[in-house]
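Engineer: Sharing a model prediction with you, sequence too.
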Amino acid sequence: MYDFQNKSVLISGGTTGIGAAIARAFTEAGATVHALGLETGLNVTAPDTIQTALANITTLDILVNAAGVIRRLEEHNPEVFAEVININLNGAMRMCSACYPLLQQTRGCVINIASMLSFFGSAPAPAYSASKGGLAQLTKSLALAWAKDHIRVNALAPGWIETSLTSPLREDPARSSAILSRVPVGRWGQPEDVAGPALFLASPAASFITGVILPVDGGYLIA
């Protein structure tokens with residue numbers, strides 16, 4: 001549906017889960033994709049590895065910030081809380097700041113991977129929830145700040161998606177049943193369900209859309 005020939009895409013957290021699915025979708029749509037993660041040497045908490053990753057990228061049209069972690073109950077420990085915030089929220093800001101000059105040149109766009117916990121609190125995962133709530137506000141703030149540069153900044157808010165982060169929940173029959181009972185479409189999402197909306201937000205079809213947090217949750221937020 002979308003043609004990204006001659007477009008360059010950088011995806012942090014692009015080697016697993018949702019990030020990897022988005023990387024595959026952009027590749028199939030013709031883009032040059034740099035899918036980076038810890039396995040390939042990108043640590044979003046370390047500015048030097050970000051600069052190393054960008055050293056060989058001369059043009060960039062689309063930045064996708066998909067790097068993220070969840071530690072659940074451990075997040076009530078202030079040190080773990082700070083670690084999660086540093087990766088999920090501060091890491092996204094580091095990537096945005098580092099890529100800003102390249103995005104200026106192409107009038108590009110940013111897609112942040114937020115969460116339905118950008119809207120809800122979470123008793124077992126306070127840091128993850130706080131980081132994703134912060135990421136939603138960062139998305140809106142950068143959309144305002146960078147509009148003058150013709151850089152659009154949006155976010156996707158996935159719901160319950162089958163990834164390694166949600167495997168403990170899917171393996172618990174009671175928890176999985178409770179989740180599915182509230183999802184109107186009646187199933188867990190797949191990483192590929194998030195890839196299509198990413199292509200849309202990066203495409204000319206979304207040229208008048210910025211500062212949006214788009215839920216991709218099978219209707220969970222409205223149930």
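Structural biologist: Yes, it's here.
Engineer: how near is residue 37 to residue 140?
Structural biologist: Per CB to CB, to the nearest Å, residue 37 is found 26 Å from residue 140. Using the backbone N, CA and C atoms, a C-beta is placed for each residue, glycine as well.
Engineer: Neighbour count: these two, which is higher?
Structural biologist: Regarding residue 37 and residue 140, a neighbour count based on other CB atoms under 10 Å identifies residue 37 as having more, with 21 against 17.
Engineer: which SS state does the residue nearest to the more buried one when sequence neighbours are not counted fall under?
Structural biologist: Among residues not flanking residue 37 along the chain, residue 15 sits closest, at 3.7 Å (CB to CB, 6 or more residues apart in numbering). Three-state call for residue 15 (DSSP: H, G, I helix; E, B strand; the rest coil): coil.
Engineer: pretty sure residue 15 contacts residue 36?
Structural biologist: Yes. With contacts counted by CB atoms under 8 Å, residue 15 reaches residue 36, the gap being 7.1 Å.
Engineer: These two - which one has more neighbours?
Structural biologist: Under the criterion of other CB under 10 Å, the comparison of residue 15 against residue 36 puts residue 36 first, with 26 against 18.
Engineer: Contacts only, for that one.
Structural biologist: 10, 11, 12, 14, 15, 42, 53 (CB atoms under 8 Å, 6 or more residues apart in numbering).
Engineer: what's across from it in the sheet?
Structural biologist: Here residue 36 sits in beta bridges with residue 12, going by DSSP bridges.
Engineer: Show me the shaky parts of this structure.
Structural biologist: Judged by pLDDT under 70, the chain has no weakly predicted residues.
Engineer: mind listing the strands for it?
Structural biologist: 8-12, 32-36, 62-65, 109-113, 152-158, 213-216 (DSSP state E).
Engineer: Distance to residue 84 for those - can I get that in JSON lines?
Structural biologist: Listed next are the strands of the chain as JSON lines, based on distance: least, CB to CB, whole Å:
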{"stretch": "strand 8-12", "distance to residue 84": "15"}
{"stretch": "strand 32-36", "distance to residue 84": "20"}
{"stretch": "strand 62-65", "distance to residue 84": "15"}
{"stretch": "strand 109-113", "distance to residue 84": "14"}
{"stretch": "strand 152-158", "distance to residue 84": "17"}
{"stretch": "strand 213-216", "distance to residue 84": "19"}
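Engineer: between the ones you listed, which one is nearest to residue 71?
Structural biologist: With CB to CB as the measure, strand 109-113 is the member of the strands of the chain nearest residue 71 (17.3 Å).
Engineer: quick one: strands adjacent to the closest one?
Structural biologist: strand 62-65 (parallel), strand 152-158 (parallel).
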